[in-house]
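>>> sequence-free structure coming up:
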Ligand SMILES: Nc1nc2c(ncn2[C@@H]2O[C@H](COP(=O)(O)OP(=O)(O)OP(=O)(O)O)[C@@H](O)[C@H]2O)c(=O)[nH]1
Ligand SMILES: [Mg+2]
């Protein structure tokens, strides 16, 4: 797929909410932005990148699939191009942009045509001219013929003819299409060639295998690729197998926690590259960023999230949006890793986040990070265990793993725990087993009398849903069932069907005749 980078002069301005494109993420104090272009295109493609609507927000690079008529591509929206060293945040944001510049096939530089060419535009045009990537200059905010002055000025930037566009109004996309088409075609031709090479290599490999197992032992040394006939579609299968041996969807894992606990560092370490901006400042990450990754033969979609501060400390609408985005990431996740700082484990905010995860019915793993810097390991582990027992008893058995994202320790154990809870979260219990189990539970502790003086009866149970495991129980007078009995059943299910640490849901349904 062609990959396009969108860059623009985006001084990290003070964040303030703005009106704007319904699905417009981020930046630029200059108004409709690269991000609104990203969204405009991605949105037309039917994709819904998770977006916020504040300028100057993005720090990481964000990616979304896009489509413009028949062109499909991956759009990468970047933070600014400020020149600074890695010791400051802007410098680390810039590193992300530089990396995106080396990976993309073409860069789109956006200027605000109504504001005209600014000195900053000239500066960035200079930088992009030196970058190893073709550039298309886009003069944005040209809706209804506005911004003509800026459009003409843009010729002076030395980046070729500017494309007049209005990202917000969706005008000028045809001209953009014409500008992009040659890059798309060139890339497709390259891909076709690479595919042909891969198919050729696969044919050679198939030839080698055939020689190993040939029924008559005949050597196939002289075999040419053209001599081997593949059944219809077989070559495609080969390609698919190489990418996705099990044909499974990636397991969606959100990394959540308070600010500064090492969430982004953890994902970088797992990926083995500096994909996300990290740093000692609290609140570095602002967008939920998803990256695909493989481990142990499985595919994962790791989602970095903005750190969650205590509700009382959330001051502005930007933070509220960040919280909303993190919550959304939790809802979309299958497993959530709650990352703690080993020197400040399990304070109230950690517990609040853990409860959010459980209430949303997600599987939870607790990662005690910064173990390398932990001053009292024994006390830390004791505190984690005590707090889980006292405040999260409704999901007894949540695994916790100590790790150091910085040093890359404990990562395999963390991923094993993720797979373990994912398996439990997907647990399915057969109806016959479930009802045998239910009879045993009812015999051990008979149901109490209902408010009308008759003994309650549970007649039948079945698992209605997995992810999280949800059981429907059909009974007389469900409203009379005491909470303690619900807990008895839930913890029995958890223990007897190996679902430790998993939120389990019980739905009680009234049978038709309460007197039966
Ligand atoms: N000693 C130690 N420091 C770590 C470890 N993991 C992360 N850090 C440091 O903790 C700081 C915060 O790391 P980030 O990865 O940016 O934290 P985050 O949770 O993504 O922070 P926000 O995005 O602000 O929520 C950085 O200075 C990291 O170098 C670790 O395992 N050990
Ligand atoms: Mg972060």
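Nice, thanks for sending it over. All values reported here derive from a predicted model rather than from experimental measurement. Ligands and ions are numbered 1, 2, ... in the order given.

>>> Checking residue 338 next. Helix, strand or coil?
strand (DSSP: H, G, I helix; E, B strand; the rest coil).

>>> List the contacts of it.
Applying Cβ atoms under 8 Å, 6 or more residues apart in numbering, we find residue 338 in contact with 256, 257, 350, 353, 354, 357, 364, 365, 366, 367. For glycine as for every other residue, the C-beta is placed from the backbone atoms N, C-alpha and C.

>>> near ligand 2, anything from the host helix or strand of residue 264?
Following DSSP states H and E, one finds residue 264 within helix 263-271. Yes: under the criterion of Cβ under 5 Å from the ion, helix 263-271 makes contact with ligand 2 via 263, 264.

>>> Turn the contacts of residue 338 into CSV, including neighbour count and secondary structure.
As requested, the contacts of residue 338 are exported to CSV (neighbours: other Cβ atoms under 10 Å; DSSP: H, G, I helix; E, B strand; the rest coil):
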residue, neighbour count, secondary structure
256, 29, strand
257, 26, strand
350, 24, helix
353, 22, helix
354, 24, helix
357, 26, helix
364, 29, strand
365, 26, strand
366, 28, strand
367, 28, strand
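
>>> ok, of these, which one's closest to ligand 1?
residue 257 (6.0 Å; Cβ to the nearest ligand atom).

>>> Check the gap between the closest one and ligand 2 for me.
Using Cβ to the ion, to the nearest Å, residue 257 is found at 9 Å from ligand 2.

>>> sorry, back to before: how far is the very next helix or strand once past the helix holding residue 264 from where the chain is centred?
Where DSSP H and E defines the elements, the next helix or strand beyond helix 263-271 is strand 289-295. The gap between where strand 289-295 is centred and where its chain is centred comes out at 7 Å by Cα atoms, centre = their mean, to the nearest Å.

>>> Mind listing residues that contact strand 289-295?
So strand 289-295 is contacted by 60-62, 250, 267, 270-271, 275-276, 299-304, 415 (Cβ under 8 Å, 6+ apart).

>>> The residue with the largest distance to the centre of the chain in helix, strand or coil?
In the chain, the residue that sits farthest from the middle, by Cα atoms, centre = their mean, is residue 453; the gap is 52.6 Å. Here residue 453 is recorded as coil under three-state DSSP.

>>> thinking again about what came up before, how about a markdown table for the contacts of residue 338, with pLDDT and distance to residue 490 added?
What follows is the contacts of residue 338, written out as a markdown table (pLDDT from 0 to 100; distance: Cβ to Cβ, whole Å):
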| residue | pLDDT | distance to residue 490 |
| --- | --- | --- |
| 256 | 97 | 24 |
| 257 | 96 | 27 |
| 350 | 94 | 23 |
| 353 | 94 | 22 |
| 354 | 95 | 17 |
| 357 | 96 | 17 |
| 364 | 97 | 16 |
| 365 | 98 | 20 |
| 366 | 97 | 20 |
| 367 | 98 | 25 |
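
>>> ok, and which of these reach ligand 1?
Contacts with ligand 1 within the contacts of residue 338, as defined by Cβ under 6 Å from any ligand atom: residue 257.

>>> what about the helices in the stretch 101-250 of the chain?
Ranges of helices within the stretch 101-250 of the chain are 119-130, 148-154, 173-213, 234-243, based on DSSP state H, counting those that start in this stretch.

>>> where does the stretch 401-516 of the chain have low pLDDT?
512-516 (pLDDT under 70).

>>> Alongside ligand 2, which residues does the stretch 151-300 of the chain contribute?
263, 264, 284, 285.

>>> And for the last one, the neighbour number?
Number of residues near residue 285 (other Cβ atoms under 10 Å) recorded here: 24.

>>> can you pick the most crowded of the residues of the stretch 151-300 of the chain next to ligand 2?
residue 263 (30 neighbours).

>>> so where's the stretch 151-300 of the chain shaky on pLDDT?
In the stretch 151-300 of the chain, residues with pLDDT under 70: 192-193, 196-197, 199-248.

>>> who in it is up against ligand 1?
Selection of the stretch 151-300 of the chain residues close to ligand 1 by Cβ under 6 Å from any ligand atom yields 257, 259-265, 278-280, 282-285.

>>> Among the residues you listed, which one lies nearest to residue 475?
residue 257 (39.8 Å; Cβ to Cβ).

>>> Name whatever forms a beta bridge with the closest one.
On the basis of DSSP bridges, residue 257 is bridged to residue 339.

>>> Now for it: which residues touch it?
Taking Cβ under 8 Å, 6+ apart, one finds 263, 307, 308, 338, 339, 340, 350, 353 in contact with residue 257.

>>> let's go with 6 Å and repeat that
By Cβ atoms under 6 Å, 6 or more residues apart in numbering, the contact set of residue 257 is 263, 338, 339.

>>> Show me which of the residues you listed is closest to residue 472.
Among the contacts of residue 257, and counting by Cβ to Cβ, the member closest to residue 472 is residue 338, at 29.5 Å.

>>> Give me the contact status of the host helix or strand of residue 90 with ligand 2.
Here residue 90 sits within helix 89-103, counting by DSSP H and E. No: legend: contact between helix 89-103 and ligand 2 by Cβ under 5 Å from the ion is lacking; minimum distance shown is 11.0 Å.

>>> Also stretch 366-386?
No: counting by Cβ under 5 Å from the ion, ligand 2 has no neighbours in stretch 366-386; the shortest distance is 11.9 Å.

>>> hang on, the earlier thing: make CSV from the contacts of residue 338 and add distance to residue 390 to it.
Converted to CSV, those look like this (distance: Cβ to Cβ, whole Å):
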residue, distance to residue 390
256, 21
257, 20
350, 13
353, 17
354, 12
357, 18
364, 16
365, 19
366, 15
367, 20
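
>>> returning to that earlier point: need phi/psi at the residue farthest from the centre of the chain.
Dihedral pair for residue 453: phi 80, psi 0, per degrees, to the nearest 10.

>>> Show me what the helix holding residue 264 is packed against.
Under the contact criterion of 3 or more Cβ pairs under 6 Å, 6 or more residues apart in numbering; DSSP states H and E, helix 263-271 touches strand 251-257, strand 298-304.

>>> Now list the buried members of the contacts of strand 289-295.
When the contacts of strand 289-295 are checked for burial by 16 or more other Cβ atoms under 10 Å, the buried set is 60-62, 250, 267, 270, 275-276, 299-304, 415.

>>> Backbone dihedrals for the residue of the stretch 101-250 of the chain found nearest ligand 1, both of them.
For the stretch 101-250 of the chain and ligand 1, the shortest gap (Cβ to the nearest ligand atom) falls at residue 250, measuring 21.0 Å. Note on residue 250: backbone dihedrals following degrees, to the nearest 10 are phi -70, psi 150.

>>> measure it to residue 458 for me?
With the distance defined as Cβ to Cβ, to the nearest Å, residue 250 ends up 38 Å from residue 458.

>>> same check, this time on residue 249
In terms of Cβ to Cβ, residue 249 sits 35 Å off from residue 458.

>>> give me every residue that touches residue 395.
358, 501, 503.

>>> distance of it from residue 274?
34 Å.

>>> Tell me the bridge partners for whichever residue of the stretch 301-450 of the chain sits closest to ligand 2.
Ligand 2 sits closest to residue 304 of the stretch 301-450 of the chain, with a gap of 5.9 Å, by Cβ to the ion. With DSSP bridges as the criterion, residue 304 is bridged to residue 255, residue 289.

>>> Nearest spatial neighbour of residue 445, chain-adjacent residues omitted?
Excluding its sequence neighbours, the residue lying closest to residue 445 (Cβ to Cβ, 6 or more residues apart in numbering) is residue 488, at 6.2 Å.

>>> Buried residues of the one helix or strand the one you found maps to, list them for me.
Assigned by DSSP H and E, residue 488 belongs to helix 483-496. Residues of helix 483-496 classed as buried by neighbour count (16+ other Cβ under 10 Å): 485, 489, 490, 491, 492, 493, 494.
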